[in-house]
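No letters, just coordinates:
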């Protein structure tokens, strides 16, 4: 866990990512210190670092018990459900780890209005009321006006429409909020600038700071929620997750009225064959989820269908409070009559909605398809 690995500095680092502002983060192997961190009523950065350390893996059961109690206190016995919809897989980016990077021999597609309405009809028939719209990097085939139109159409069908696309300027986010978009998910991928530069070979996504500041611009532009995270496997996961924690604390302090969520995506097989330099196994993943839940008790933690069913079953209600289901990572994957594209990555959990909901109910959990109303679509105004 070495913040000094973030040593490229083409622009001033924010205080929360500045290595000179970090407390000493030497992961202690002292059992008493780790247990004290897990049971702390007011955990902070030091406790987070202790729970991320390899030595804390010996206390995974204690962490699980603590995380479950906190999850039940703040989220009850519910799991919020959503599904993603890929609008386009056109991309000019050079991300080494992505199946739709610009140099991949991928089958490209973009939804037109008729195709989008077919997809929305199929998704609405599955009773979803929360949706995430996705694209590649900014392209002529899928630019801001295109997104605005897609959001307006999706909002005719579903109450809560979010996006996971390219970083934008504040004014662009505002136009999307005015069209009915309520939230933005944007993973930094990795907070290690050296690794970030290596992984993003060309394209707009090479701009580390433009991506880092995008959640601020989205909230200033009227979005009500932001989702952050790191793509686990690219760099030292302990360092990246400590940065996610710091990023979350910064956003909570400066946009306290907004909603915030954190996701835990791991590298998955994809066209291009990239494999993780820092693989995260299932025990590590559980430890990381428990640590974030203990240190950020009120924040929704999200686990997608990237993960296999056994992992998602185990984590449901045990730290995780929100999940995607019935996901497709192709353009045109939900409806008949829409030609599918190359998928961005392989899905692990392919269960249908009844199967997944039966699993939740067998664990005493209630699936929630709607916890948002279209009444709240007006762009937000935040005081700082």
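Structure received. Only a predicted model underlies this, so the values are computations on that prediction, with no experimental measurement involved.

For the stretch 51-200 of the chain, which segments count as strands?
For the stretch 51-200 of the chain, the strands defined by DSSP state E, counting those that start in this stretch cover 78-86, 130-134, 160-164, 181-185.

what does the second one contact?
Residues external to strand 130-134 that are found in contact with it (Cβ atoms under 8 Å, 6 or more residues apart in numbering): 80-87, 123, 147, 150-151, 154, 158-165, 185, 324, 344, 369-372. In short, each C-beta sits where N, CA and C put it, glycine included.

Adding distance to residue 350 and mean pLDDT, write the strands of the stretch 51-200 of the chain out as TSV.
Shown next, in TSV, are these (distance: least, Cβ to Cβ, whole Å; pLDDT from 0 to 100):
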stretch	distance to residue 350	mean pLDDT
strand 78-86	13	95
strand 130-134	18	96
strand 160-164	20	96
strand 181-185	22	97
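
mind putting these in a markdown table, distance to residue 116 and mean neighbour count included?
Output for the strands of the stretch 51-200 of the chain, formatted as a markdown table (distance: least, Cβ to Cβ, whole Å; neighbours: other Cβ atoms under 10 Å):
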| stretch | distance to residue 116 | mean neighbour count |
| --- | --- | --- |
| strand 78-86 | 8 | 22 |
| strand 130-134 | 9 | 22 |
| strand 160-164 | 12 | 24 |
| strand 181-185 | 15 | 26 |
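
Show me the shaky parts of the protein.
1-11, 19-29, 269-273, 336-346, 372-375, 383-384 (pLDDT under 70).

any idea which helix is longest in it?
The single longest helix within the chain, with elements called by DSSP state H, is helix 237-254.

Could you tell me which strands sit next to the helix or strand that comes right after it in the sheet, and their orientation?
Using DSSP states H and E, the next helix or strand after helix 237-254 towards the C-terminus is strand 259-263. The strands that strand 259-263 pairs with in its sheet are strand 225-229 (parallel), strand 301-303 (parallel) (by DSSP bridges).

Make a markdown table from the ones you listed and add distance to residue 74 and mean neighbour count to it.
Converted to a markdown table, the strands paired with strand 259-263 look like this (distance: least, Cβ to Cβ, whole Å; neighbours: other Cβ under 10 Å):
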| stretch | distance to residue 74 | mean neighbour count |
| --- | --- | --- |
| strand 225-229 | 16 | 22 |
| strand 301-303 | 11 | 22 |
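
right, and the ones you listed - which one's nearest residue 57?
strand 301-303 (19.0 Å; Cβ to Cβ).

Could you check how far that closest one is from the centre of its chain?
7 Å (Cα atoms, centre = their mean, to the nearest Å).

residues making contact with the very next helix or strand once past it?
Per DSSP H and E, strand 301-303 leads on to helix 309-315 as the next helix or strand towards the C-terminus. Helix 309-315 has contacts (Cβ under 8 Å, 6+ apart) with 282, 285-286, 289, 303, 305, 307, 320, 323, 348-349, 351, 359, 363.

Distance-wise, check residue 197 relative to residue 94.
11 Å (Cβ to Cβ, to the nearest Å).

And residue 30, by the same measure?
Residue 30 is 44 Å from residue 94, by Cβ to Cβ.

More neighbours: which of these two?
Remark: of residue 30 and residue 94, residue 94 carries more neighbours, 17 against 11, as counted by other Cβ atoms under 10 Å.
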